[in-house]
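# have a look at this prediction, sequence included:
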Amino acid sequence: MSSATSVEQAQQELLEEFEMFDNWMDRYQYIIDMGKQLPAFPEEWKVVEHKIQGCQSNVWMHHRRDGDYVHFDAVSDAAIVSGLIAVLMRIYNDRRPADIRDTSPHFLGDLGLDKHLSPTRSNGLNAMLERIYRVAEHEAA
């Protein structure tokens with residue numbers, strides 16, 4: 001299986017998980033619960049160069065190249081934003097840069113996140129996505 005298929009497959013699996021929930025309150029709680037499971041983020045990574053601009057809450061994202069793949073770590077001081085980070089990590093973490101760059105984030109619209117997040121949360125989510133795609137573009141070069 002190619003990595004591109006697995007990026008697409010990760011989006012599909014996420015969509016299927018969210019279909020289990022009848023309403024957005026349950027979906028928000030699931031997103032928050034996902035955020036609680038993020039790996040620890042070292043304090044020394046909480047520096048300006050890792051901070052995501054455009055987020056209402058504090059968000060830091062660190063990445064490193066691991067062979068052919070890019071590994072991301074991220075954290076936020078807000079529960080729902082931590083959950084959004086966890087969603088993004090499910091899709092984009094430990095992928096080939098070209099596969100990240102070449103995959104549309106259709107899951108945002110498919111899940112309805114684009115309609116159910118406040119404008120400030122949407123801006124933050126877009127800022128995190130921009131960072132992921134910028135890293136992928138840089139690492140693919």
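Arrived safely, thanks for sending.
# may I see the buried residues of the helix or strand where H62 lies?
Using DSSP states H and E, H62 falls within strand 59-66. Neighbour counts over strand 59-66 (16 or more other CB atoms under 10 Å) mark V59, W60, M61, H62, H63 as buried. All C-beta spots, glycine's among them, are computed from the backbone N, C-alpha and C.
# please produce a markdown table containing those, extended by distance to Y28.
Shown next, in a markdown table, are the buried residues of strand 59-66 (distance: CB to CB, whole Å):
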| residue | distance to Y28 |
| --- | --- |
| V59 | 18 |
| W60 | 22 |
| M61 | 22 |
| H62 | 26 |
| H63 | 27 |
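# low-confidence ranges, the protein, go.
Applying pLDDT under 70 to the chain flags the ranges 1-5.
# what bridges to the residue lying closest to D94 once chain neighbours are set aside?
Ranked by CB to CB, 6 or more residues apart in numbering and with sequence neighbours excluded, the top spatial neighbour of D94 is Y69, at 5.1 Å. Beta-bridge partners for Y69, by DSSP bridges, are D66.
# and Y69, how far from V135?
Separation of Y69 from V135 (CB to CB, to the nearest Å): 12 Å.
# same question for S57.
21 Å.
# and these two? Which one has more around it.
Under the neighbour definition other CB atoms under 10 Å, S57 and V135 were set side by side, and V135 has more, 20 against 15.
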